[in-house]
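Chemist: Here is a sequence with its predicted model. Questions after.
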Amino acid sequence: MADLVDQSLGEFRMLKHLGSGGMADVYLAEQTSLQRQVAVKVMKRQLMATSGDVMLARFKQEAMMAAGLNHPNIVQVYTIGEEDGLHFIAQELVKGKDLASILKAKKVPDLGSSLLVIRQVASALKASGQAGIVHRDIKPENILVTRTGEVKVADFGLAQLHDNRDGGSLTREGMTLGTVSYTHLRAHETEA
């Protein structure tokens, strides 16, 4: 994807590229109407070219599910939009690091810190579960920790509604979703 720094998508002016995932590039942006910093996830154009409507539906589903959740341990979604063929999600900017980076730097976390993270992730998953939403991709990369130790669960891109028995048009019976290394690990553990 072409770098969007110094460009605008609607009322969001891209300030800095923060990172990339399988589905989107993430930018630090200024929401000009409210003069606040936000994170903007911009869906990769190549996904639209190869997967089209299915990936776009999954991208929008992430925003819709997360936007319906109001919890201190879940990244808040502000809006979704599209401009010049670019689809984006504007969400709360979490100043800190993802748990994967923290674990790489510290190696073995202390018990107190671990319990604090676990408690907050469990609280977020309980809230999403009570709303009928299953995250389906909990991993250290999707757990953000602020500089003050507050935990925020992110990336509801693979989430599913409990009462959506057939998984909608985005998943099918026998289809495996999730991060490969984590789904492989879970499958291997259940064989033992």
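Modeler: Alright, I've got the coordinates.

Chemist: How about the secondary structure of the residue nearest the centre of the chain?
Modeler: Nearest residue to the geometric centre of the chain (Cα atoms, centre = their mean): residue 155, 1.5 Å. Using DSSP: H, G, I helix; E, B strand; the rest coil, the structure places residue 155 in coil.

Chemist: And for residue 41, the neighbour number?
Modeler: 26 (other Cβ atoms under 10 Å). Backbone N, C-alpha and C define where each C-beta goes, glycine included.

Chemist: Over to the one 5 residues further on?
Modeler: Residue 46 has 10 neighbours, counted by other Cβ under 10 Å.

Chemist: now do residue 6
Modeler: Using other Cβ under 10 Å: residue 6 sits among 9 other residues.

Chemist: quick thing: my sequence starts at 33, can you match it?
Modeler: New numbering, starting at 33: the last item is residue 38.

Chemist: Would you mind identifying the helix or strand in this structure with the lowest mean pLDDT?
Modeler: The weakest-scoring helix or strand in the chain, judged by mean pLDDT, DSSP states H and E, is helix 212-223 (a mean of 46).

Chemist: excluding its backbone neighbours, what's nearest the residue nearest to the centre of the chain?
Modeler: Take residue 187 and drop its neighbours on the chain: the residue closest to it by Cβ to Cβ, 6 or more residues apart in numbering is residue 174, 4.4 Å away.

Chemist: Distance check, the one you found against residue 184.
Modeler: Between residue 174 and residue 184 the computed distance is 10 Å (Cβ to Cβ, to the nearest Å).

Chemist: Next: residue 155.
Modeler: 11 Å.

Chemist: the more surrounded of those two?
Modeler: residue 184 (23 against 16).

Chemist: And the pLDDT for the more buried one?
Modeler: As predicted, residue 184 sits at a pLDDT of 97.

Chemist: who's in contact with it?
Modeler: 105, 106, 107, 124, 126, 156, 175, 176, 177, 178 (Cβ atoms under 8 Å, 6 or more residues apart in numbering).

Chemist: That one pairs with what?
Modeler: residue 176 (DSSP bridges).

Chemist: if we can go back for a sec, my read: the residue nearest to residue 187 touches residue 130, true?
Modeler: Yes: Residue 174 lies in contact with residue 130 (Cβ atoms under 8 Å); the separation is 7.4 Å.

Chemist: which residues of this protein score low on pLDDT?
Modeler: Segments of the chain classed as low confidence (criterion: pLDDT under 70) are 33-34, 84, 189-224.

Chemist: contacting residues for the residue nearest to residue 187?
Modeler: Going by Cβ under 8 Å, 6+ apart, the list of residues near residue 174 reads 130, 167, 185, 186, 187.

Chemist: can you pull up the bridge partners for the first one?
Modeler: Beta-bridge partners recorded for residue 130 (DSSP bridges): residue 176.

Chemist: Verify the stated contact: it with residue 177.
Modeler: Yes: with contacts counted by Cβ under 8 Å, residue 130 reaches residue 177, the gap being 7.4 Å.

Chemist: All set, thanks.
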